Structure formats: structure tokens, C-alpha cells
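> A predicted structure for the sequence below; I have some questions about it.
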Amino acid sequence: EIVMTQSPATLSVSPGERATLSCRASQSASINLAWYQQKPGQAPRLLIYGASTRAAGIPGRFSGSGSVTEFTLTISSLQSEDFALYYCQQYNDWPLTFGGGTKVEIK
Amino acid sequence: QVQLQESGPGLVKPSETLSLTCTVSGGSISTYFWSWIRQPPGEGPEWIGYGYYSGSNIYNPSLRSRVTISVDTSKNQFSLKLTSVTAADTAVYYCARLVRGQGMDYWGQGTLVTVSP
């Protein structure tokens, strides 16, 4: 299976600053990569699919990039509601696999 | 607006079978793929598998021997059965719509299932 590794585990950022989250695949995921946001007690929410396409209703401050084995999620100017857990997930091969997550916390 | 809602027992005894149902509203279940995902407390999500209205399935190899996902088009529901559960199966279980090429775009709110005597 494709193992997804996210870094850092925790990212401390001040409101209004940029956050950059990384995700690495153990083998090629092509651009079949999604990013999810999860808040406590809630289900994950799809942010990005196809490595760089925003899902419906997702604000423009969220952007994704990368391909093959290296991917990045950027939040251009953190808002209070963006402090949460973020997971990457590949759907290039079965089984679908998630990364271990990056927690974005207030600095 | 598509909505998903999980239902089923919140407590299952070791060695028994965990059974959950996901009811889909706001859209037909006869398209897309319908997935189950679980998340142990404090851990990341784990994809369990998907079912399709035609009867086809793909399961995570780590659970394949114990999992069955089925789709009931007459009720617009799909279900999960996980046999021979242990404490390691304690998790929040989510159902979700899986779109080919897009990931999982609609999720249920999740239901906590605890495996305990």
C-alpha cells in the first residue's frame, strides 16, 4: 500500500500568517491526492482533490500543489476557523490511505 | 444537498459482529461509491472499503477477512459488517461518498463504537 507521511506533526502559526503543510507518498500517487480538514468532534471535510482543485465552497486561501510523491497544502492567511487537523489522502491505488495528520495550532 | 447518517449499536462485545447502516438522503445511492472509514480515538482515519450498487466491493487488505459492505438501493442505504471484533476495533465509524477522481466529498457525522465486554 502507499504510505503517506505528513510533516510537521504540529505547526504553530499566528492568525493572518501563511501555513505550509507537507505530504509525501511512499510511491507515486500521480495527482490523485486529497486534503481534508478535521475539527474536534467533526467528520473530515474535503478541501482539495486532484492535488490542486478546491472542493465546492472552499475559500480561495486554501491551495494545493505537487504531484507524484511530494504534495503541499498552503493556507495563505490563517483565519481563526482554520486552526484544526489536516490530513492528506491518496486515491491513486487501493487501499485508500491517509497521512498521520498535521495539527495547525495558534502561536 | 446530500446527507449521510450512520446508525447502529454503540457498544459491541468482543468476538461479536459490528453492524452499522448509513442512510443517504438528497441523492440516489445508485451512483458513486460508498465508503466506510474509521478513526480510533486520537489517531488518523483508516479507510475500510467501499461498496457499489452493482455489488462490487474493494476492501482494505488489513480488514478484508472480516468486512462486508453492501448497498441496498431500495432503502438508499449501505451497511458495514465487521466480524470477530476486538478492543482494537473501537473507533468512530464514518460513512462517506467516494467520487472517482475526487476523494470523499460527503461524510456522515460519525458514530462511536466501543468494543467492550
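Now that the structure is in, tell me what you want to look at. Numbering: from 1, shown residues only, chains lettered A, B, ... in the order given.
> now do the contacts for the closest residue to chain A within chain B.
Nearest to chain A in chain B, going by Cβ to the nearest Cβ, is B:Gly103, at a distance of 3.4 Å. Quick note: C-beta positions are derived from backbone N, CA and C, even for glycine. Counting by Cβ atoms under 8 Å, 6 or more residues apart in numbering or on different chains, B:Gly103 touches A:Ala34, A:Tyr36, A:Leu46, A:Tyr49, A:Gln89, A:Tyr91.
> which ones, among those, also lie beside chain B?
Among these, proximity to chain B is found for A:Ala34, A:Tyr36, A:Leu46, A:Tyr49, A:Gln89, A:Tyr91 (Cβ under 8 Å from any Cβ of the partner chain).
> list only those of these flagged as buried.
Among the ones next to chain B among the contacts of B:Gly103, those buried by neighbour count (16 or more other Cβ atoms under 10 Å in any protein chain shown) are A:Ala34, A:Tyr36, A:Leu46, A:Tyr49, A:Gln89, A:Tyr91.
> element containing the most centrally placed residue in chain A?
Centroid check for chain A by Cα atoms, centre = their mean gives A:Trp35 as the closest residue, at 3.8 Å. According to DSSP states H and E, A:Trp35 maps onto strand A:33-38.
> state the next helix or strand along the chain beyond that strand.
Sequence-wise, the next helix or strand downstream of strand A:33-38 (DSSP H and E) is strand A:45-49.
> now that following strand against strand A:33-38, angle please.
160 degrees (axes from the mean of the first three to the mean of the last three Cα atoms, to 10 degrees).
> how much space between the spatially closest residue to the residue nearest to the centre of chain A that is not a sequence neighbour and B:Thr86?
Excluding the flanking residues, the one nearest A:Trp35 by Cβ to Cβ, 6 or more residues apart in numbering or on different chains is A:Ile48, at 4.1 Å. Distance of A:Ile48 to B:Thr86, given as Cβ to Cβ, to the nearest Å: 35 Å.
> compare these two (neighbour count), which wins?
Higher neighbour count among A:Ile48 and B:Thr86: A:Ile48, with 24 against 9, using other Cβ atoms under 10 Å in any protein chain shown.
> and the gap between the more buried one and B:Tyr53?
Using Cβ to Cβ, A:Ile48 is found at 28 Å from B:Tyr53.
> and if you look at B:Thr114?
Look at B:Thr114 and B:Tyr53: by Cβ to Cβ, they are 31 Å apart.
> of the two, who's got more company?
Per other Cβ under 10 Å, whichever of B:Thr114 and B:Tyr53 has more neighbours is B:Tyr53, with 16 against 13.
> coming back round to it: tell me the contacts of the residue nearest to A:Trp35?
A:Ile48 is in contact with A:Leu33, A:Ala34, A:Trp35, A:Arg54, A:Ala55, A:Ile58, A:Phe62, A:Ser63, A:Gly64, A:Leu73, counting by Cβ under 8 Å, 6+ apart.
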